[in-house]
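Peer 1: 3D model of this:
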Amino acid sequence: MAVTESVRGGSPGTEDARAADEGILRRQSARESAARTYARALPIVPVRARGMTIEGADGRRYLDCLSGAGTLALGHNHPVVLEAIRGVLDSGAPLHVLDLATPVKDAFVTELFHTLPPGLAGRARVQFCGPAGTDAVEAAFTLVRAATGRDGILAFSGAYHGMTTGALAASGGAPDVRVARLPFPQDYRCPFGVGGEHGAELAARWTESVLDDPKSGVPDPAGMILEPVQGEGGVLPAPDGWLRRMRRITADRSIPLIADEVQTGVGRTGAFWAVEHSGVTPDVMVLSKAIGGSLPLAVIVYRDELDAWQPGAHAGTFRGNQLAMAAGTATLAYVRENRLAERAADLGAHMLRQLRRLAGEHACVGDVRGRGLMMGVEVVDPQAPPRSGDEPGVTLGATARSPEEQPRPAAPALAAAVQRECLRRGLIVELGGRHASVVRLLPPLTITDEQAAAVLDRLADAMDAVSGDRALADRRHPGPGRQGDRSSHAD
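Peer 2: Below is the predicted model:
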């Protein structure tokens with residue numbers, strides 16, 4: 001299907017460039033599967049990229065707040081990553097080595113272990129997996145089942161761990177139940193209708209009850225898997241106290257705790273690993289995305305006493321990606337040496353404050369949340385009444401929220417409109433959450449203050465356009481020079 005010029009950001013290209021761009025998009029639509037996702041909402045053809053900026057085949061430029069779904073910690077084509085890749089290519093080193101030892105792999109493991117939480121680094125083992133995070137999740141499940149002799153897995157509502165069979169079964173969208181599902185605490189849509197510390201306490205008590213009740217229907221599990229921040233689930237940071245409680249619950253019952261840091265790792269949340277916010281040391285960490293420096297790489301790191309599986313218990317042909325290891329070593333070192341996690345914490349806190357100010361201007365914003373440079377804006381139906389506080393299972397005495405405090409219904413169509421308006425203004429954002437109604441921001445850790453301001457500016461313009469508030473837009477950008485397309489700023 002042809003894509004009209006009106007949905008593009010940046011300056012228009014030549015007629016020939018636009019025609020070539022449209023032809024590529026038409027061929028993609030005709031030849032690729034119906035399972036494609038990002039290409040549907042983001043009809044662009046990237047041909048060049050640097051840092052946070054992507055240039056399309058038609059000459060238009062965009063600020064990228066998707067960052068390869070969190071893969072690009074340093075943005076596109078960072079010089080230290082390119083230098084590391086060229087170094088391997090120029091050295092004549094083998095590019096494919098299965099699981100053989102190489103100097104490139106040794107350097108990667110050394111740097112990776114240097115970044116691990118102290119309670120894990122000194123007694124860790126690493127398993128290289130297939131190149132996707134979902135395969136690392138499968139490896140983690142295989143590991144804890146071998147180590148414990150048990151089979152079941154505990155996971156949480158709203159989780160996303162991948163698309164292979166075991167990973168999907170542990171995710172919130174599982175088509176059938178093979179994993180025991182536990183409540184994940186959140187404020188805005190608390191499953192108990194209370195939010196805050198009390199909501200997290202109720203979630204923890206439910207977990208304890210399930211594990212200790214011999215008639216709960218949940219046998220002793222092989223492990224518990226959780227995300228320190230649920231990304232695809234709607235950018236929901238796990239409360240630090242609740243995460244510490246999960247660590248105590250699992251440790252007391254000899255249940256290995258698996259932290260899925262595929263998207264939250266390498267400084268994304270304002271700490272090098274998101275579990276560090278709570279001081280928790282998991283038994284297993286699942287790592288992918290940013291650890292490969294933009295190239296495919298996935299590993300699990302785990303306590304040495306769990307290392308009970310037999311040779312070949314988990315394997316993969318492409319677990320020896322030398323280019324990814326070199327790029328990953330350069331990325332990990334750069335983030336560590338330049339204190340980019342601290343930078344993400346500071347800039348992320350500033351951006352969240354600005355987003356909450358924006359929320360005060362738009363009734364369609366139900367909630368703003370996040371940690372570091374992992375942020376979400378939940379879009380709701382401003383015309384619908386809040387969910388009633390006296391529905392069955394919601395009212396919990398004096399701790400229950402009033403009807404006015406209850407969340408409004410999610411508005412996925414409105415969120416998709418915001419995403420389209422962002423693209424028109426040269427800003428790439430992702431949607432997530434239970435109902436695809438959360439606008440997600442995942443900028444690279446190298447984002448500048450000027451680029452952050454431009455991101456917020458374009459998102460505000462998009463919200464103005466969707467809400468139809470021209471007066472608010474004019475107050476935000478006074479003067480006759482205001483234009484709807486602001487994508488040339490801060491690229």
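
Peer 1: Show the residue spans covered by the helices in the stretch 151-300 of the chain.
Peer 2: Residue ranges of the helices in the stretch 151-300 of the chain, as given by DSSP state H, counting those that start in this stretch, are 165-169, 196-212, 240-252.

Peer 1: any idea how far the second one is from the chain center?
Peer 2: In terms of C-alpha atoms, centre = their mean, to the nearest Å, the gap separating the centre of helix 196-212 from the centre of its chain is 25 Å.

Peer 1: Show me what it packs onto, helices and strands only.
Peer 2: Under the contact definition 3 or more C-beta pairs under 8 Å, 6 or more residues apart in numbering; DSSP states H and E, helix 196-212 sits against strand 180-182, helix 240-252. Using the backbone N, CA and C atoms, a C-beta is placed for each residue, glycine as well.

Peer 1: Make CSV from these and add distance to N338 to it.
Peer 2: Listed next are the helices and strands packed on helix 196-212 as CSV, based on distance: least, C-beta to C-beta, whole Å:
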stretch, distance to N338
strand 180-182, 38
helix 240-252, 26
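
Peer 1: tally of neighbours for R268?
Peer 2: By other C-beta atoms under 10 Å, 31 other residues sit near R268.

Peer 1: correction: I300
Peer 2: 26.

Peer 1: ok, it - contacts?
Peer 2: Counting by C-beta atoms under 8 Å, 6 or more residues apart in numbering, I300 touches V126, Q127, C129, A136, A139, A140, L143, V284, M285, V286, L287.

Peer 1: was I right about G119 contacting G279?
Peer 2: No. At 9.1 Å, G119 does not count as touching G279 under the criterion of C-beta atoms under 8 Å.

Peer 1: quick one: pLDDT of T399?
Peer 2: Per-residue pLDDT puts T399 at 55.

Peer 1: what about the nearest residue to E32 once chain neighbours are set aside, how many residues close to it?
Peer 2: Nearest non-adjacent residue to E32, counting by C-beta to C-beta, 6 or more residues apart in numbering: A39, 7.3 Å away. When neighbours are counted by other C-beta under 10 Å, A39 registers 13.

Peer 1: can you check A17 too?
Peer 2: As a burial measure, A17 scores 17 neighbours (other C-beta under 10 Å).

Peer 1: can you check E421 too?
Peer 2: The tally of other residues near E421 (other C-beta under 10 Å) stands at 20.

Peer 1: Tell me who's in contact with A124.
Peer 2: Per C-beta under 8 Å, 6+ apart, neighbours of A124: F113, L116, V301, Y302, R303, D304.

Peer 1: how about a cut-off of 6 Å?
Peer 2: A124 makes contact with V301, according to C-beta atoms under 6 Å, 6 or more residues apart in numbering.

Peer 1: ok, now how distant is it from G231?
Peer 2: To G231, A124 is 24 Å away according to C-beta to C-beta, to the nearest Å.

Peer 1: What of A132?
Peer 2: 15 Å.

Peer 1: Tell me which of those two has more neighbours.
Peer 2: Neighbours were counted for A132 and for G231 using other C-beta under 10 Å; G231 has more, 27 against 21.

Peer 1: So that one is in contact with V262, correct?
Peer 2: No. Using C-beta atoms under 6 Å, G231 makes no contact with V262, being 8.5 Å away.

Peer 1: Kindly confirm whether my reading is correct that L456 touches Q354.
Peer 2: Yes. Counting by C-beta under 6 Å, L456 does reach Q354; the two are 5.1 Å apart.

Peer 1: ok so, going back, got a markdown table for the helices and strands packed on helix 196-212, with mean pLDDT and distance to Y160 too?
Peer 2: Shown next, in a markdown table, are the helices and strands packed on helix 196-212 (pLDDT from 0 to 100; distance: least, C-beta to C-beta, whole Å):
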| stretch | mean pLDDT | distance to Y160 |
| --- | --- | --- |
| strand 180-182 | 90 | 13 |
| helix 240-252 | 97 | 18 |
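
Peer 1: Take these and write them to a markdown table, including distance to Q322 and mean neighbour count.
Peer 2: Below are these laid out as a markdown table (distance: least, C-beta to C-beta, whole Å; neighbours: other C-beta atoms under 10 Å):
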| stretch | distance to Q322 | mean neighbour count |
| --- | --- | --- |
| strand 180-182 | 39 | 19 |
| helix 240-252 | 35 | 18 |
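
Peer 1: between the ones you listed, which gets nearest to D213?
Peer 2: strand 180-182 (11.9 Å; C-beta to C-beta).

Peer 1: out of the helices of the stretch 151-300 of the chain, which comes closest to N321?
Peer 2: Of these, nearest to N321 by C-beta to C-beta is helix 165-169, at 20.0 Å.

Peer 1: Could you name the helices and strands sitting against that closest one?
Peer 2: Helix 165-169 sits against helix 133-148, with contacts defined as 3 or more C-beta pairs under 6 Å, 6 or more residues apart in numbering; DSSP states H and E.

Peer 1: Residues contacting the helix it packs on, please?
Peer 2: Contacts with helix 133-148, where a contact means C-beta under 6 Å, 6+ apart, come from 127, 129, 151, 161-164, 166-167, 222-223, 256, 258, 262, 284, 286, 288, 298, 300, 306, 308-309, 314.

Peer 1: No further questions, thank you.
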